[in-house]
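Novice: all I have is the shape, not the residue letters:
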């Protein structure tokens, strides 16, 4: 990743992507690209550390009940 990229970090899509959260990540990424921004998206699974270098962090709400 370069210093002039917009870094989008999607946290725990394997656990919390129950309400169309992938669509949110795609829309943010697409809208940024439409505005001429260089975009890097990182999907961080629950077994991976969360990076501190992100510009935008997205996280889903998960289930309301177990």
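Specialist: Yep, that arrived. All values derive from a computational prediction rather than experimental measurement.

Novice: now residue 9. Nearest residue, chain neighbours left out?
Specialist: residue 54 (3.6 Å; CB to CB, 6 or more residues apart in numbering). From N, CA and C alone the C-beta is placed, and that goes for glycine too.

Novice: quick one: low-confidence ranges for this structure?
Specialist: Along the chain, segments meeting pLDDT under 70 span 1-3, 17-20, 62-66.

Novice: what separates the longest helix seen in the chain from the chain centre, distance-wise?
Specialist: Using DSSP state H, we find that the single longest helix of the chain is helix 21-34. Mean C-alpha position of helix 21-34 versus that of the full chain (CA atoms, centre = their mean, to the nearest Å) differs by 9 Å.

Novice: thinking again about what came up before, how many neighbouring residues does the residue nearest to residue 9 have?
Specialist: 19 (other CB atoms under 10 Å).

Novice: I'd like to know which elements the longest helix of the chain is packed against.
Specialist: strand 5-11, helix 13-16, strand 38-44, strand 56-59 (3 or more CB pairs under 8 Å, 6 or more residues apart in numbering; DSSP states H and E).

Novice: need these in TSV with distance to residue 25 and mean neighbour count, can you?
Specialist: TSV is the format used below for the helices and strands packed on helix 21-34 (distance: least, CB to CB, whole Å; neighbours: other CB atoms under 10 Å):
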stretch	distance to residue 25	mean neighbour count
strand 5-11	5	19
helix 13-16	8	14
strand 38-44	6	16
strand 56-59	5	17
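
Novice: now distance to residue 30 too, for those, in a markdown table please.
Specialist: Listed next are the helices and strands packed on helix 21-34 as a markdown table, based on distance: least, CB to CB, whole Å:
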| stretch | distance to residue 30 |
| --- | --- |
| strand 5-11 | 11 |
| helix 13-16 | 17 |
| strand 38-44 | 9 |
| strand 56-59 | 13 |
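
Novice: against residue 47, how distant is residue 56?
Specialist: 22 Å (CB to CB, to the nearest Å).
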